[in-house]
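**Student:** Return atomic coordinates for the entry below.
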Amino acid sequence: MAFVQVEKMRQLCKKFSPCPISHVPPESAVVIFSVPKSGTNLFRKALEFICGCGIYASHLQFTDDNIYLRKHLEIKVIVPLRDPRDVLVSSVYHADIYYRADSETPQHYNHLFDPEIPDKPMHYTLTKEFMLEWTRASFDEKLMMYMDPEKLPISPLYDFELLDDFITNRPLNTLIVRYEDIIGPLGGGDTVHQKKAVERIANFVGIPFTTNELYANFSKNIFGDTSTFRKGTIGSWKDHFKPYHTEYFNKIQNGILEKFLYREIL
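**Tutor:** Predicted coordinates for the structure are as follows:
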């Protein structure tokens with residue numbers, strides 16, 4: 001069963017989207033659309049290093065502005081793709097910054113709209129009861145809460161369903177790049193895949209280069225050193241998922257591992 005009806009979410013975001021594509025500064029040559037915790041800042045730094053062009057980074061939103069994107073193909077779109085299980089683990093760590101029982105306005109950082117307040121984008125407000133349960137929970141319990149649609153009405157897994165829809169109907173001038181390819185040796189990847197990813201991005205944005213010239217010092221210049229960076233290594237979900245996490249995730253993931261070619265057995 002799908003987590004959400006994509007069209008319903010599209011209509012909500014159409015009305016309450018905080019960062020429509022038509023607001024992209026005209027000097028922006030590249031737009032990054034990403035699921036939160038999929039390496040948005042990593043890709044932004046990579047693009048700045050590769051081309052130095054105008055870059056607009058936004059978490060995936062579904063609005064009529066996608067039509068604008070299709071009509072303005074001079075705007076290039078890069079979509080980072082990261083293992084959903086690593087995204088979940090990273091999201092739980094990141095959520096600890098926001099999910100505080102003593103917060104006057106507990107908020108969910110992923111989605112910036114409230115259907116009850118027309119024309120006033122805001123964070124999705126969570127209950128005090130949820131906040132209290134969250135602060136008392138262990139990491140293992142928080143990971144289960146983050147996957148449970150009964151506990152957290154808006155899960156990162158929703159974003160992957162929306163991402164699947166976006167990729168299926170994506171604008172022509174779109175490049176999909178795996179986080180695992182661009183991260184390189186410092187994040188548990190390798191130089192072969194990183195160099196190929198750099199070459200694909202450079203070709204996509206129209207930058208002539210030789211691999212050695214462009215790749216020199218690339219990895220150490222893009223890894224870490226951003227406000228939301230924690231660890232960034234690939235496959236860290238294997239250090240956090242217990243067998244019951246894996247069993248539950250496989251039950252609810254709705255085929256996203258297969259769709260994005262991340263199927264893997266512990």
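**Student:** contacts and neighbour counts: CA atoms only from here.
**Tutor:** Fine.
**Student:** which other helices and strands contact the host helix or strand of Leu42?
**Tutor:** Using DSSP states H and E, the element containing Leu42 is helix 40-50. Using 3 or more C-alpha pairs under 8 Å, 6 or more residues apart in numbering; DSSP states H and E, the elements in contact with helix 40-50 are strand 28-34, strand 54-59, helix 191-205, helix 218-222.
**Student:** can we see that at 10 Å?
**Tutor:** strand 28-34, strand 54-59, strand 76-81, helix 179-182, helix 191-205, helix 211-215, helix 218-222 (3 or more C-alpha pairs under 10 Å, 6 or more residues apart in numbering; DSSP states H and E).
**Student:** quick check: angle from it to strand 76-81?
**Tutor:** Counting by axes from the mean of the first three to the mean of the last three C-alpha atoms, to 10 degrees, helix 40-50 lies at 140 degrees to strand 76-81.
**Student:** Same question for helix 40-50: list its buried residues.
**Tutor:** Residues 40-47, 49-50 are the ones in helix 40-50 that count as buried (16 or more other C-alpha atoms under 10 Å).
**Student:** Taking strand 28-34 as reference, get the angle to that helix.
**Tutor:** 150 degrees.
**Student:** Put the alpha carbons of helix 40-50 into CSV.
**Tutor:** Included here for helix 40-50 are C-alpha records, laid out as CSV according to Å, rounded to 0.1, in the frame of the first residue of the first chain:
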residue,chain,number,x,y,z
THR,A,40,22.0,18.3,-0.8
ASN,A,41,25.0,20.2,0.6
LEU,A,42,27.5,17.7,-0.8
PHE,A,43,26.1,18.1,-4.3
ARG,A,44,25.9,21.8,-3.9
LYS,A,45,29.6,21.9,-3.0
ALA,A,46,30.5,19.5,-5.8
LEU,A,47,28.7,21.7,-8.3
GLU,A,48,30.4,24.8,-7.0
PHE,A,49,33.8,23.1,-7.3
ILE,A,50,33.1,21.7,-10.8
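**Student:** Just the mean pLDDT for that helix, thanks.
**Tutor:** Here helix 40-50 scores 81 as its mean pLDDT.
**Student:** Any regions of the stretch 51-200 of the chain where pLDDT drops low?
**Tutor:** 52-74, 98-127, 153-154, 171 (pLDDT under 70).
**Student:** sec struct for Arg263, please.
**Tutor:** coil (DSSP: H, G, I helix; E, B strand; the rest coil).
**Student:** Relative to Pro84, how far out is it?
**Tutor:** According to C-alpha to C-alpha, to the nearest Å, Arg263 stands 10 Å off from Pro84.
**Student:** and if you look at Thr174?
**Tutor:** Distance of Thr174 to Pro84, given as C-alpha to C-alpha: 21 Å.
**Student:** ok, the two, which is more surrounded?
**Tutor:** Ranked by neighbour count (other C-alpha atoms under 10 Å), Thr174 and Pro84 place Pro84 first, with 23 against 19.
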